[in-house]
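J.: sequence and predicted model, in that order:
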Amino acid sequence: MNYGARHVAIIMDGNGRWAAARGEPRVVGHRAGLEALRRVVRAAPSLGLEYLSVYAFSTENWKRPPEEVDALMNLLVEYLRSQIDELDREHVKMLFIGDSTALPELCQEEMERAVRRTSQNTGLKLAIAMNYGGRDEIVRAVRRVLAAGLDPAALDEGSFASHLDTADLPDPDLVIRASGEMRLSNFMLWQTAYAEIYVTPQYWPDFDGAVLQQALEVFAQRERRFGGLG
Ligand code: IPE
Ligand code: IPE
Ligand code: MG
C-alpha cells in the first residue's frame, strides 16, 4: 500500500505513562518503546514509506534524572547492537540527526558503526533523532553557514537547508505524535513547515504497523494546499 507519504516523522512519546499505568518503572516503558520501534520500522516499507524519522532523545531531555538519561543512552546502544543485523538484512539505511558530540562515547561509537555498516543499503532510510532539538539544529546550521564563508546574498532556503542535519532527507509529509500531546516539543521546526500532523492518544509502546497504517489512512484524506488554493 502507498498512501502518498514518503517521509513520516514520529514523536515517540508516552513511554513513562505506559509504564506507570502498569505500575512499572519508567525504564520498562522505554524498553517497550524499543519493541514498538522495531515493529514500526518493519512495517514502514510495505506502507510506502521511504524515510522514517523518530524522535528518541531531545536536547531538553537532559533535564530528566541522571538515572533515566543513562538508561536511555544504554537503551540506544542495546537497540543498535541487538537490531543491527535485522536492520541490515532488511536493507535499512541508518542515519542520526542531532548533536551527537554531547552523547556518551559508547553511543557515538555504536551510532558510527551502524551508519557505516548500512551506508550502502537502498531500503528504508531510518533517521534517529538523538540529542536533537530543532532550535539547536538551526543554530548549528547557522554556524556551518558562517564557517563556510557564504555570501549572505547567496543564502536561500535550499542552501540553508543543506546545512541542516536533515540535508539528505525530504521534509516530512506527516508528523505523528503518540500519547495525545498536541505540541512539537522542538522537533524538526524548519522541516515541518507544511507537514500534516496526526496526534493519537495511544502511548508509543502500544504502536505497531496497524497504528501507522491508520495514521496514513487519515493522511491520505487530508487536502494539502501549501499556501495555494488546492
Ligand atoms: C518518550 O516517553 C521517550 C522520551 C522522551 C525519551 P516519555 O519518557 O516522555 O514518556 P511520558 O511522556 O513521560 O509518558
Ligand atoms: C518529546 O517528548 C521528545 C521525545 C519523544 C524524544 P517529551 O516527553 O520530551 O516532550 P514534552 O516534555 O512532553 O513536551
Ligand atoms: Mg513525554
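T.: Everything's here; your move. Numbering: from 1, shown residues only. Ligands and ions are numbered 1, 2, ... in the order given.
J.: what residues does Leu174 make contact with?
T.: Contact partners of Leu174, counting by Cβ atoms under 8 Å, 6 or more residues apart in numbering, are 5, 7-9, 195-198, 215-216, 219. Where C-beta positions appear, they are placed from N, C-alpha and C, glycine not excepted.
J.: in the chain, which spans are helices?
T.: Ranges of helices within the chain are 15-21, 26-43, 66-89, 105-117, 134-147, 157-161, 209-221, based on DSSP state H.
J.: other SSEs contacting the longest one?
T.: Meaning helix 66-89. With contacts taken as 3 or more Cβ pairs under 8 Å, 6 or more residues apart in numbering; DSSP states H and E, helix 66-89 sits against helix 26-43, strand 51-58, helix 105-117, strand 125-132.
J.: count of neighbours near Leu47?
T.: 19 (other Cβ atoms under 10 Å).
J.: I'd assumed Leu212 was in contact with it.
T.: Yes. With contact defined as Cβ atoms under 8 Å, Leu47 reaches Leu212; the gap is 6.2 Å.
J.: tell me which parts of this structure are close to ligand 2?
T.: Residues of the chain lying close to ligand 2 (Cβ under 6 Å from any ligand atom) are 11-13, 55-58, 61, 181, 183, 185.
J.: out of those residues, which touch ligand 1?
T.: Checking these against ligand 1 by Cβ under 6 Å from any ligand atom, the ones in range are 12-13, 57, 61.
J.: of the residues you listed - the most surrounded one?
T.: Among those, the one with the most neighbours (other Cβ under 10 Å) is Met12, at 25 neighbours.
J.: how about the residues of the chain that lie near ligand 1?
T.: Residues of the chain lying near ligand 1 (Cβ under 6 Å from any ligand atom): 12-17, 57, 61, 72, 179.
J.: can we see that at 5 Å?
T.: Applying Cβ under 5 Å from any ligand atom, one finds that the chain approaches ligand 1 through 13-17.
J.: give the contact list for the closest residue in space to Glu50 that isn't next to it in sequence.
T.: Nearest residue to Glu50 in three dimensions, chain neighbours excluded: Arg6, at 4.7 Å (Cβ to Cβ, 6 or more residues apart in numbering). Listed by Cβ under 8 Å, 6+ apart, the contact partners of Arg6 are 48-51, 170, 173.
J.: pick out the most distant pair among these.
T.: Using Cβ to Cβ, those span at most 13.6 Å, a distance reached by Gly48 and Pro170.
J.: so what's the closest residue to Arg144 other than its chain neighbours up against?
T.: Using Cβ to Cβ, 6+ apart and skipping residues adjacent in sequence, the residue nearest Arg144 is His163, 4.4 Å away. Contacts for His163 (Cβ under 8 Å, 6+ apart) come out as 141-142, 144-145, 148.
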